[in-house]
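Engineer: after the sequence you'll find the predicted model.
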Amino acid sequence: MFVTDSPRPSSLLPQHCRHEALLTLPAQEAHVSAARHFAADLLETWSVPESERDSAVLVVDELAANAAQYGRERMTLLLVLDNGTLHIVVSDSGTAVERPRPDIAPDEHGRGTGIVQYLAQSIEVHQTRSGREVRACLRCST
């Protein structure tokens, strides 16, 4: 596991503080709760209000669960709080093709993306050289 948390002065706003943290975990369902707790604790430290923190943690949970399900080796969670916007970026080493899992009933599959789309102001999915990256942005007051 690799963790960093670094408040950085933003070059755009001289007196504005940008918070950034990175967590890398094995892409396994057993590690999704670690990503969720990491995000919850960090956002509380960054003074994100509880209701906004809850929404952000739910987004992290859904994106990390997808990364654990479809990633092969590792998943990375990047959180950036900058100028009232929380950027949540989850990367994995998986492929762009999602495989249906036989152990999940069809009505229980695919809800996570809808939840993320509902809570986030924007969401983008990119295929990268090493896997897939999902970016979600939420408004956050501090």
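Structural biologist: Received the coordinates, thanks.

Engineer: now the longest helix seen in the chain, how far from the centre of its chain.
Structural biologist: Looking across the chain with DSSP state H, the single longest helix is helix 50-70. With C-alpha atoms, centre = their mean, to the nearest Å as the basis, helix 50-70 stands 6 Å off its chain's centre.

Engineer: next SSE after it?
Structural biologist: Remark: after helix 50-70, the chain's next helix or strand is strand 74-82, criterion DSSP states H and E.

Engineer: tell me the helices and strands packed up against that next one.
Structural biologist: Here strand 74-82 touches strand 17-26, helix 32-45, helix 50-70, strand 85-92, going by 3 or more C-beta pairs under 8 Å, 6 or more residues apart in numbering; DSSP states H and E. To be clear about C-beta, it is placed using only N, CA and C from the backbone, and glycine gets the same treatment.

Engineer: let's have these in JSON lines, adding mean pLDDT, mean neighbour count and distance to Thr128.
Structural biologist: Formatted as JSON lines, these follow (pLDDT from 0 to 100; neighbours: other C-beta atoms under 10 Å; distance: least, C-beta to C-beta, whole Å):
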{"stretch": "strand 17-26", "mean pLDDT": "94", "mean neighbour count": "18", "distance to Thr128": "15"}
{"stretch": "helix 32-45", "mean pLDDT": "97", "mean neighbour count": "18", "distance to Thr128": "19"}
{"stretch": "helix 50-70", "mean pLDDT": "94", "mean neighbour count": "21", "distance to Thr128": "13"}
{"stretch": "strand 85-92", "mean pLDDT": "96", "mean neighbour count": "22", "distance to Thr128": "7"}
